[in-house]
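Novice: what shape does this take:
(chains A and B)
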Amino acid sequence: QKEVEQNSGPLSVPEGAIASLNCTYSDRGSQSFFWYRQYSGKSPELIMFIYSNGDKEDGRFTAQLNKASQYVSLLIRDSQPSDSATYLCAGQGGKLIFGQGTELSVKP
Amino acid sequence: EAQVTQNPRYLITVTGKKLTVTCSQNMNHEYMSWYRQDPGLGLRQIYYSMNVEVTDKGDVPEGYKVSRKEKRNFPLILESPSPNQTSLYFCASSPQGQETQYFGPGTRLLVL
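Specialist: Purely as a prediction, here's the structure:
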């Protein structure tokens, strides 16, 4: 069974801090990785994707991929209360497999 | 407005009573998919479709049927719903493949 694992949290950080969300995957054939944000009661929305080893930055968000370690992370700099949501990691190697999500709470 | 719509948004039904959840997208996307989301289990794919008349099973297809007769529509059919199908269901579409999926608003289903 190909899996994507995330810490379920909740992860709590103070406003302005860096939030670090982590994800590991078992399928070495996975080529692409996605981070979705899901507010309570809402549908997931894509915030970043990454294909290559290394870092990819988009505003306050940085995705990191290490294929050798089968590890993906999402860093959120200057965290805001509006970032409070569940973050879903997904890996694609054929099928798209989602992790169970990490709940992030940013405290003012 | 580009969007994925689902109907109904909320549904309470009884065991064995056939139901259909509709999904429609206005973005001319080739790829559409159905997921269910359960606490602690994340999003699990039920069925997907790469194009009209092309459908395939996802990870949890048992108890579900789909059809793709038109590009914009991808209904999910529960022929004989059971309580273990109580869940939050999302339809999604993307231009091609499984990248950059756009999700519908979700359908919350309760099977008694």
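Novice: who's in contact with A:Val72?
Specialist: Neighbouring residues of A:Val72 by Cβ atoms under 8 Å, 6 or more residues apart in numbering or on different chains: A:22-25, A:33, A:35, A:50, A:63-66, A:89, A:91. In short, each C-beta sits where N, CA and C put it, glycine included.
Novice: what bridges to it?
Specialist: Taking DSSP bridges as the rule, A:Val72 bridges to A:Cys23, A:Leu65.
Novice: per-residue pLDDT of it, please?
Specialist: pLDDT for A:Val72: 96.
Novice: ok, B:Gly58 next?
Specialist: B:Gly58 is assigned a predicted lDDT (pLDDT) of 90.
Novice: against A:Gly9, how distant is it?
Specialist: Distance of B:Gly58 to A:Gly9, computed by Cβ to Cβ, to the nearest Å: 26 Å.
Novice: if we can go back for a sec, going through the contacts of A:Val72, which ones are buried?
Specialist: In these, burial by neighbour count holds for A:22-25, A:33, A:35, A:50, A:63-65, A:89, A:91, counting by 16 or more other Cβ atoms under 10 Å in any protein chain shown.
Novice: and those, which is closest to B:Asn26?
Specialist: A:Trp35 (25.7 Å; Cβ to Cβ).
Novice: give me every residue in chain A lying close to chain B.
Specialist: Proximity of chain A to chain B (Cβ under 8 Å from any Cβ of the partner chain) is limited to residues A:6, A:8, A:32, A:34, A:42-46, A:49, A:88, A:90, A:92, A:95-101.
Novice: who's the most centrally placed residue in chain B bridged to?
Specialist: By Cα atoms, centre = their mean, the mean C-alpha position of chain B lies nearest to B:Trp34, the distance being 3.1 Å. Beta bridges link B:Trp34 to B:Tyr47, B:Cys91 when assigned by DSSP bridges.
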